[in-house]
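> Give me the fold of what follows.
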Amino acid sequence: MRNETCCFTGHRQLPPKERAEIGTMLERVITALYQKGIRYYGAGGALGFDAIAAQTVIRLRKSCPGMKLILVLPCLTQTRGWPAVDVAEYERIKGLADKVVYTSQAYTAGCMHKRNRHLVDNSSVYVCYLTQDSGGTAYTVRYARNRGLEVINLAVSG
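Residues are numbered from 1 along each chain as shown. Reported below is the predicted structural model:
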């Protein structure tokens, strides 16, 4: 299944004017991956890029038979402190996911990295939106490259 799986991670904060363009790029990349046999798409449930990726998979499933969205979530309380509108969209996405996996029950200092490693360890392709050399997305890009995944960075391929 790993050879048929793509995962996503990216920055939580995205410039509002770039969100539509990121969605368009995701649609093109996911469609191309689907045509190459990628059927499973893992997202981490975070705000920003993760949410746009999950929304795009949900939209594309209508025209792509067998496409599945797998949410890999870091803990049961991931949305603590989020604005109500973001929690509502998170719950909507979770309700439309084909599978939901929690890598930890409770929040811990390392639960986000654990989630990201789980996504990478179960994928052959990694689609990200990375614009800086530090932080969780940068860590996960390095981890994915070290694990031999094909890495597609939409921040530089647009």
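> now whichever helix in the chain runs longest: mean pLDDT?
In the chain, ranked by residue count with DSSP state H as the criterion, the top helix is helix 19-35. Mean pLDDT, helix 19-35: 94.
> quick one: it to chain centroid distance?
Taking C-alpha atoms, centre = their mean, to the nearest Å, the mean C-alpha location of helix 19-35 is offset from the chain mean by 12 Å.
> Which strands and helices lie in contact with that helix?
Applying 3 or more C-beta pairs under 8 Å, 6 or more residues apart in numbering; DSSP states H and E, we find helix 19-35 packed against helix 49-60, strand 125-129, helix 154-157. For glycine as for every other residue, the C-beta is placed from the backbone atoms N, C-alpha and C.
> for the ones you listed, which one sits closest to Ile38?
In terms of C-beta to C-beta, the element of these nearest to Ile38 is strand 125-129, at 6.2 Å.
> Could you check how far the closest residue to Ile58 other than its chain neighbours is from Val72?
Leaving aside its chain neighbours, Ile58 sits nearest to Leu96 (5.2 Å; criterion: C-beta to C-beta, 6 or more residues apart in numbering). For Leu96, the distance to Val72 equals 15 Å [C-beta to C-beta, to the nearest Å].
> Looking only at neighbour counts, state which of the two leads.
Higher neighbour count among Leu96 and Val72: Val72, with 24 against 14, using other C-beta atoms under 10 Å.
> any idea which element that one lies in?
Assigned by DSSP states H and E, Val72 falls within strand 68-73.
> State the paired neighbours of that strand in the sheet, together with their directions.
Sheet pairing of strand 68-73 (DSSP bridges) gives strand 40-43 (parallel), strand 99-102 (parallel).
> gap between Val29 and Asn146?
To Asn146, Val29 is 22 Å away according to C-beta to C-beta.
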